[in-house]
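Asks: Sequence below, structure please.
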Amino acid sequence: EIFTEVENSNSDIVMAIGVLEHIRSPKLLLDAFRKSNSSYLFYLVPMFSLSVILEAAFQDKFPRVLSGGHTHIFTESSVEFMNYEQSLDVVGEWRIGLDFWDMFSALKMELAKTNEKALLGELLEEKFLPQIDSLQGIMDKAHFCSELHAVVKKRG
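Replies: Model prediction:
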């Protein structure tokens, strides 16, 4: 069982990339980390963001954030509470989302449905793609992006 492996880990850092959102009770994994000899936990979690809104608006698009396998979508306050409740101090956080790639994909798929709109898809690709990293950077800085990467350590 994953919780036992984490609790018995001899490594300095436990990595939970794409894990917390898939388990019924993330608290169990965090409890196991607290009991372990490991010093740090690195986690990556999906956040409530523009991607969530896009997935709700474009029902035909495969849901990357709202997929059926996710039992949790995190918010700024839920992550803060989780860290507080588990006595974890943040060492570093990075917000690196894919929201504008999700937007591009959704729009491109919708425009590809008819030949009349295909030219708009080409224009979107030509004008939007060169700006995509800059646009995403704005959402990342605003803390409204699809992913949070964090390194935390045990308090005390």
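
Asks: Quick check: the gap between the residue lying farthest from the centre of the chain and residue 152.
Replies: Most distant from the centre of the chain: residue 116, at 35.1 Å, with distances by Cα atoms, centre = their mean. According to Cβ to Cβ, to the nearest Å, residue 116 stands 51 Å off from residue 152. In short, each C-beta sits where N, CA and C put it, glycine included.

Asks: repeat for residue 138
Replies: 26 Å.

Asks: Now do the same for residue 71: its pLDDT.
Replies: In this model, residue 71 is scored at 87, pLDDT.

Asks: before we move on, the earlier item: comparing residue 138 and residue 152, which residue is more hemmed in?
Replies: Legend: neighbour count by other Cβ atoms under 10 Å for residue 138 and residue 152, higher for residue 152 (22 against 12).

Asks: Check the burial of the nearest residue to the more buried one once chain neighbours are set aside by counting its neighbours.
Replies: What sits nearest to residue 152 in space, not counting adjacent residues and going by Cβ to Cβ, 6 or more residues apart in numbering, is residue 88, at 4.1 Å. Using other Cβ under 10 Å, residue 88 has 21 other residues around it.

Asks: Can you report phi and psi for residue 88?
Replies: Main-chain dihedrals, residue 88, degrees, to the nearest 10: phi -110, psi 130.

Asks: related to what we said a few turns ago, mind pulling the model confidence for the residue farthest from the centre of the chain?
Replies: Residue 116 is given a pLDDT of 81.

Asks: Much appreciated, bye for now.
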